[in-house]
Structures are given as structure tokens and as C-alpha cells.
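Have a look at this fold, sequence not included:
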Ligand code: ADP
Ligand code: MG
């Protein structure tokens with residue numbers, strides 16, 4: 001009776017303190033502690049650790065959800081033997097994420113299918129797992145948000161989130177031409193993010209072609225100047241992974 005009362009009191013107190021996982025698992029944890037004859041210190045330590053782990057997992061889930069990935073890709077699935085443009089050493093350095101800490105940018109350029117988006121999403125996902133806030137956007141969607149930030153609440157939320165991120169992926173830069181007005185908005189954003197947010201850009205264009213899709217050589221130079229200040233560039237050449245690993249549904253003729 002007394003024990004039952006204590007348990008109910010602890011649960012109520014846990015609720016007051018916002019210790020949700022402790023409240024939900026208390027009976028089981030007490031049962032386990034009794035079964036294994038845990039010391040008071042070990043029991044209390046386990047209760048706290050369970051709560052902390054739960055909170056960390058929740059926060060990680062939230063970061064991944066809010067990053068806006070179109071789908072998930074993982075570093076562990078990235079086949080380095082297929083991608084000859086990234087050495088094992090570079091790959092490990094990228095995965096260490098010290099470059100995010102130092103606010104370096106990364107430009108992944110190359111033709112379709114070589115793994116630019118895969119690597120960008122996998123790095124940003126990995127960053128989320130490690131406690132960094134990351135955001136994903138395509139260039140097209142970013143332009144749409146920048147154009148409508150004053151009138152559309154969703155655009156505002158997305159841009160605000162981007163500005164608070166440690167790492168931003170801008171996918172597919174250069175696929176579509178952008179207007180002078182959009183170019184200016186892009187420049188302003190890049191300037192604001194400088195020394196605050198690491199940016200991964202994936203692009204099918206070489207630097208010399210940026211002036212063309214931005215339709216303004218001076219602006220292209222200014223943007224590239226900002227981006228390249230602390231930046232590594234990986235030219236991802238080679239064959240398309242999609243074409244090389246094409247899946248088909250028609251049976252071979254016998
Ligand atoms: P890109 O963005 O360069 O056009 P993606 O990253 O979308 O190419 O890659 C196309 C497909 O091939 C994706 O399904 C991706 O997971 C896969 N892929 C590309 N490169 C690799 C690689 N080195 N290892 C494993 N999968 C890869
Ligand atoms: Mg891509």
C-alpha cells in the first residue's frame with residue numbers, strides 16, 4: 001500500500017518536473033532494480049540516464065524531421081569504390097564534421113547520378129545525429145521561399161530555420177536559371193549565413209558557368225567569393241551510379 005502510494009507520488013512529481021520517460025517507465029525500472037538488487041546510487045543513476053537518453057533520442061528525431069530531407073541517405077551506404085573522386089581519407093574527414101564546427105562550405109559538382117545528393121543528405125543526416133541542426137532545400141524551393149518570405153508563413157518558417165542551422169544543403173544549384181532579383185536575394189542569404197552556417201552546394205555547373213545561370217557576372221563573382229572563402233570543392237566525375245546499376249523489370253528473353 002505504502003509502496004503503491006510512493007510510486008504514484010513519484011509519478012506525479014515526475015510529471016510536474018517534466019520527466020516523461022521516468023513517469024512512463026518507473027514501475028518497470030523499480031521492478032528491475034529490485035530483481036537485480038541494484039544499489040540506490042545505481043538505481044538513481046539509471047533513472048536519470050534513461051530520461052536523458054529518451055530526451056536525446058526525441059531531440060534527434062525532431063532535428064531529422066525538421067531538416068526537410070526528401071528521403072534519407074546514409075554515409076554507410078556510400079560506396080567509395082564506385083566514387084573515385086572522394087578518397088577514403090577525405091570521406092573520413094567529412095564524416096568527422098570538424099569542418100561544420102569551423103563553418104567551412106563544401107561544393108559538390110559533377111554530372112547527374114554521381115552521388116552528389118546522396119553524399120550531401122548523408123552528411124547532413126549524420127550531422128543531425130551528432131547534435132547539429134541541419135536543413136535541406138533544393139535551389140528551386142529556396143528561391144520560392146526567398147521570393148515569398150514576406151507573404152507566406154511557411155516560407156518564413158523555412159528561412160528562419162535555415163538561418164538557425166549549423167549546416168544547410170542547397171541541392172541542384174544551376175539546373176534552372178535564376179532572375180536578377182532572385183540572385184540578389186540569394187546573395188543576401190549567403191552573406192547572412194557567412195561564418196555562421198556551413199553550406200553544402202551540389203551543382204552540375206563549373207564556377208565559370210555560374211555567371212550564365214545567374215545572368216549577372218558581377219553577382220556570380222560576389223556569391224562565389226562569399227562561398228569560396230572557407231570552402232572545399234569536390235569535382236565528382238565518373239559514371240552515373242543510376243545508369244551503372246540500372247534496375248529493370250522486364251525478364252531477359254531466353
Ligand atoms: P546526383 O545527385 O549526383 O545526381 P544521386 O546522389 O541522386 O546523384 O545518386 C543517384 C543514385 O545513385 C542514388 O540512389 C544514390 O543513392 C546512388 N549512388 C550514387 N553514388 C553512389 C555511391 N558512391 N554509393 C552508393 N550509392 C550511390
Ligand atoms: Mg542530385
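Thanks, I have the structure now. Everything numeric here is computed off the predicted structure, so don't read it as measured data. Ligands and ions are numbered 1, 2, ... in the order given.

CA only for contacts and neighbour counts going forward, please
Noted.

Residue 55 in helix, strand or coil?
helix (DSSP: H, G, I helix; E, B strand; the rest coil).

Would you check that residue 211 makes contact with residue 217?
Yes: under the criterion of C-alpha atoms under 8 Å, residue 211 makes contact with residue 217 at 4.4 Å.

which bits of the stretch 1-150 of the chain sit near ligand 1?
Counting by C-alpha under 6 Å from any ligand atom, the stretch 1-150 of the chain comes close to ligand 1 at 77-80, 82-83, 112-118.

let's see it at 8 Å
73, 77-83, 109-120 (C-alpha under 8 Å from any ligand atom).

Just the ones in helices from the residues you listed, please.
Counted as lying in helices by DSSP state H, out of these, are 116-120.

Redo those as a markdown table? Include pLDDT.
Listed next are those as a markdown table, based on pLDDT from 0 to 100:
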| residue | pLDDT |
| --- | --- |
| 116 | 97 |
| 117 | 98 |
| 118 | 98 |
| 119 | 98 |
| 120 | 98 |
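
So which of the residues you listed is the closest to residue 91?
Using C-alpha to C-alpha, the shortest approach to residue 91 within these belongs to residue 119, at 9.6 Å.

contacting residues for the closest one?
Contact analysis of residue 119 by C-alpha atoms under 8 Å, 6 or more residues apart in numbering lists 73-75, 78.

For it, give its distance to residue 224.
Noted for residue 119: a distance of 21 Å to residue 224, by C-alpha to C-alpha, to the nearest Å.

now swap in residue 149 and tell me
24 Å.

now swap in residue 85 and tell me
Here the criterion is C-alpha to C-alpha. By it, residue 85 lies 22 Å from residue 224.

Which secondary structure state is assigned to residue 202?
Applying three-state DSSP: residue 202 is strand.

Could you pull up the contacting residues of it?
Neighbouring residues of residue 202 by C-alpha under 8 Å, 6+ apart: 107-109, 116-117, 120, 169-173.

and if you look at residue 127?
97, 133-134, 167.

buried ones in stretch 226-238?
Neighbour-count burial for stretch 226-238, counted by 16 or more other C-alpha atoms under 10 Å, picks out 226-227, 230-231, 234-237.

Those in helices, which ones?
Counted as lying in helices by DSSP H, out of those, are 226-227.

Which of the buried residues of stretch 226-238 fall within strands?
231, 234-235 (DSSP state E).
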